[in-house]
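>>> I would like to see how this sequence folds:
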Amino acid sequence: MTTFINIHTLISHPSSMMNRDDSGMQKTAVFGGSVRSRISSQCLKRAIRQSDIYGEAVAEKSIRTNKFDELLDLCKEAMPETDIKLIEDVLLNMGSKVTKDKKTEIRNFDAVQPYAIGSIREAINMVNEGTELKDLKKIVQIPTIDVALSGRMDASCPPRNVEAAMSVAHSLTTHSADIEVDWFTACDDLAEQGSGHIGTTEFSSGVFYRYASINVDLLAKNVKSTVSEVTPIINTMIRCFAQVSPSAKQKVFAAYNQADFVMATHSNQPISLANAFRKPIENNGDVMENSIAALVKHYEKLTNAYELDSKAIALDLTDSAQSKQINLVNKISDIRF
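Presented below is the predicted three-dimensional model:
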C-alpha cells in the first residue's frame, strides 16, 4: 500500500503581491463562485527551492537553466582541476541539444533542464574510466532531491524522466479576494515640485490555504533510498510549506509571515481539503479562526464518511482547533510520523 504525507497550512499575508500574471496583475482564481487571490504552485516551489530552510537540508540543489556557457563557467569554478575541454564535452553529451547564436556566439541548450554539479562530476569520472561520451545520456543517475520531488521530463531521452513524488496545489485565499490598487509616485529630489514617476500596482491580503501531497514510496524510489531515509526531507518540506513565502514585491510589502495552522496527515491516498473553503469564509476579523474551524470540520467529515485511513498531527498558533481526530502539538518539529 502506498504511503502519502499530505501537508495543509493556513497562512495569513497582509498587503502583498507575491505572484503576478503576464500583465503584472495579481493572480486570481474563481472557486466556489467567488474570486480568490492565488499563488501558483510553480511560484511556491521555486521559493522553497531557493530558501535557506531547504538549502540547509539537502546536499545539493539542481541548477535549472538553458544557458550552456554560464553552466560551463560554474563547472570550471567547482572543478578547477578538471580539463575544460572534458567538462565541455560532457555537458554537450549530457544535456539537450546546444545551439550557438551566430551574432553573439552565446551557446544555449534548447530547453531549460535541471543540472547538478555532482552529477556532472560523476559523469566526468565515468568518462575517465572508459564510458563513451555518446553513452552519457543513456545513463540514469540518482536525481537531486528537488528533481525527485518535482520530477523531470526529457523528451529526447525518456529513461531520464523522473515522475514527481510531490503534488502541489495553487494556493487560494479561503475567502473572497478584495484586489486593491496602490497609486504611488517617485519624487524627483532635484525638481521643485511634482514627481519623476507615477505608477500603480495591485495588491491584496488574505488567509491562504496551501496544500501538497508527497508520495513517500515514490520519493524513496526516486532517490534509491528507504522510506526511513527520506523522512528528514519530508519533515523539511512540512517546515517549508509553513515558513517560506515567495519573494515578489517583498521589498515594498514585507509580507514575511509564517503559518498559523500547520497539519500533516499520514494516509494511503492524497487528500486535499480545499473544498472546506468552497463556500468563502466570511471576511471579518476572525478569518483565520473560522478558516481553521472549517478545515478541521471538513477533515473530520471526509475521514468519517469515507472511512479513510488517515492520521493527523497539527500545530495551531490560534489555539482554536478542537478535534479528537487531530493530535495537536506545540512545535512544528513535533509534526512527524
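>>> Kindly give the local confidence score, pLDDT, for residue 24.
pLDDT, residue 24: 82.
>>> Could you do the one 3 residues further on as well?
Residue 27 is assigned a predicted lDDT (pLDDT) of 93.
>>> pretty sure it is in contact with residue 41, am I right?
No: between residue 27 and residue 41 there is no contact under C-beta atoms under 8 Å: 11.3 Å. C-betas here are computed from N, CA, C, even on glycine.
>>> Please, where are all the strands along the stretch 151-300 of the chain?
Secondary structure of the stretch 151-300 of the chain by DSSP state E, counting those that start in this stretch: the strands cover 166-168, 171-173, 180-187, 195-215, 261-267.
>>> pLDDT of the third one, averaged?
To tie it back to what came earlier, the one meant is strand 180-187. 85.
>>> what number of residues lie near residue 316?
Residue 316: 23 surrounding residues under other C-beta atoms under 10 Å.
>>> ok, now how distant is it from residue 288?
Residue 316 is 10 Å from residue 288, where distance means C-beta to C-beta, to the nearest Å.
>>> now residue 212
Distance check for residue 212 against residue 288: by C-beta to C-beta, it reads 20 Å.
>>> These two: who's more crowded?
It is residue 212, of residue 212 and residue 288, that has more neighbours when counted by other C-beta under 10 Å, with 26 against 21.
>>> how about the strands of the stretch 151-300 of the chain, which one is nearest residue 21?
Of all the strands of the stretch 151-300 of the chain, strand 195-215 sits nearest to residue 21, with 9.9 Å by C-beta to C-beta.
>>> How about the closest one, which residues are buried there?
201-215 (16 or more other C-beta atoms under 10 Å).
>>> I'd like the mean pLDDT over that strand, please.
Strand 195-215 carries an average pLDDT of 91.
>>> Each with direction, which strands does that strand pair with?
Here strand 195-215 has these sheet partners by DSSP bridges: strand 4-16 (antiparallel), strand 166-168 (antiparallel), strand 171-173 (antiparallel), strand 180-187 (antiparallel).
>>> what's near enough to touch the residue most central in space within the chain?
Nearest to the mean C-alpha position of the chain, by C-alpha atoms, centre = their mean, lies residue 45 at 1.3 Å. Neighbouring residues of residue 45 by C-beta atoms under 8 Å, 6 or more residues apart in numbering: 150, 168.
>>> next structured bit after the host helix or strand of it?
Take DSSP states H and E as the rule and residue 45 turns out to sit in helix 41-49. Downstream of helix 41-49, the first helix or strand assigned by DSSP H and E is helix 52-55.
>>> How are the helices of this protein distributed by residue range?
Counting by DSSP state H, the chain has helices at residues 41-49, 52-55, 68-78, 84-94, 117-128, 145-150, 216-222, 227-243, 250-253, 287-305.
>>> how about the closest residue to residue 260 other than its chain neighbours, phi and psi?
Residue nearest to residue 260 in three dimensions, not counting chain neighbours: residue 317, with 4.6 Å by C-beta to C-beta, 6 or more residues apart in numbering. Note on residue 317: its backbone torsions stand at phi -70, psi -20 [degrees, to the nearest 10].
>>> Which among the helices of the chain is found nearest to residue 110?
Taking C-beta to C-beta, helix 68-78 is the member of the helices of the chain nearest to residue 110, at 10.0 Å.
>>> Residue 298: what's it in contact with?
Contacts for residue 298 (C-beta under 8 Å, 6+ apart) come out as 273, 275, 276.
>>> which one of those has the most neighbours?
residue 276 (22 neighbours).
>>> That one is in contact with residue 297, isn't it?
Yes: between residue 276 and residue 297 there is a contact at 7.1 Å, judged by C-beta under 8 Å.
>>> thinking again about what came up before, quick check: which of the strands paired with strand 195-215 is buried the most?
strand 171-173 (a mean of 28; mean count of other C-beta atoms under 10 Å).
>>> now that strand: mean pLDDT?
98.
>>> Other residues contacting it?
Applying C-beta under 8 Å, 6+ apart, the contact partners of strand 171-173 are 29, 31, 36-39, 41, 44, 204, 206-211, 274, 277.
>>> try stretch 18-36
If you take C-beta under 8 Å, 6+ apart as the criterion, stretch 18-36 is touched by 17, 37-40, 43, 170, 172-173, 175-177, 179, 201-204, 206, 245-250, 255, 274, 277-280.
>>> Please repeat the previous calculation with a cut-off of 6 Å.
Contacts of stretch 18-36 with the rest of the structure, by C-beta atoms under 6 Å, 6 or more residues apart in numbering, involve 17, 38-40, 43, 172-173, 176-177, 179, 202, 204, 246, 248, 278-280.
>>> CA-only coordinates of it in CSV, if you can.
Below are the C-alpha coordinates for stretch 18-36, written out as CSV (Å, rounded to 0.1, in the frame of the first residue of the first chain):
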residue,chain,number,x,y,z
MET,A,18,3.6,37.6,-4.3
ASN,A,19,2.5,36.3,-7.7
ARG,A,20,1.7,38.3,-10.9
ASP,A,21,0.3,37.3,-14.3
ASP,A,22,1.7,38.3,-17.7
SER,A,23,0.1,41.7,-17.3
GLY,A,24,1.7,42.4,-14.0
MET,A,25,-1.7,41.9,-12.2
GLN,A,26,-2.4,39.9,-9.0
LYS,A,27,-3.0,36.3,-9.9
THR,A,28,-6.5,35.1,-9.1
ALA,A,29,-8.9,32.2,-9.5
VAL,A,30,-12.6,31.7,-9.3
PHE,A,31,-13.5,29.0,-6.7
GLY,A,32,-17.0,28.4,-5.3
GLY,A,33,-18.3,31.2,-7.4
SER,A,34,-16.0,33.9,-5.9
VAL,A,35,-12.7,35.4,-6.9
ARG,A,36,-9.8,34.3,-4.7
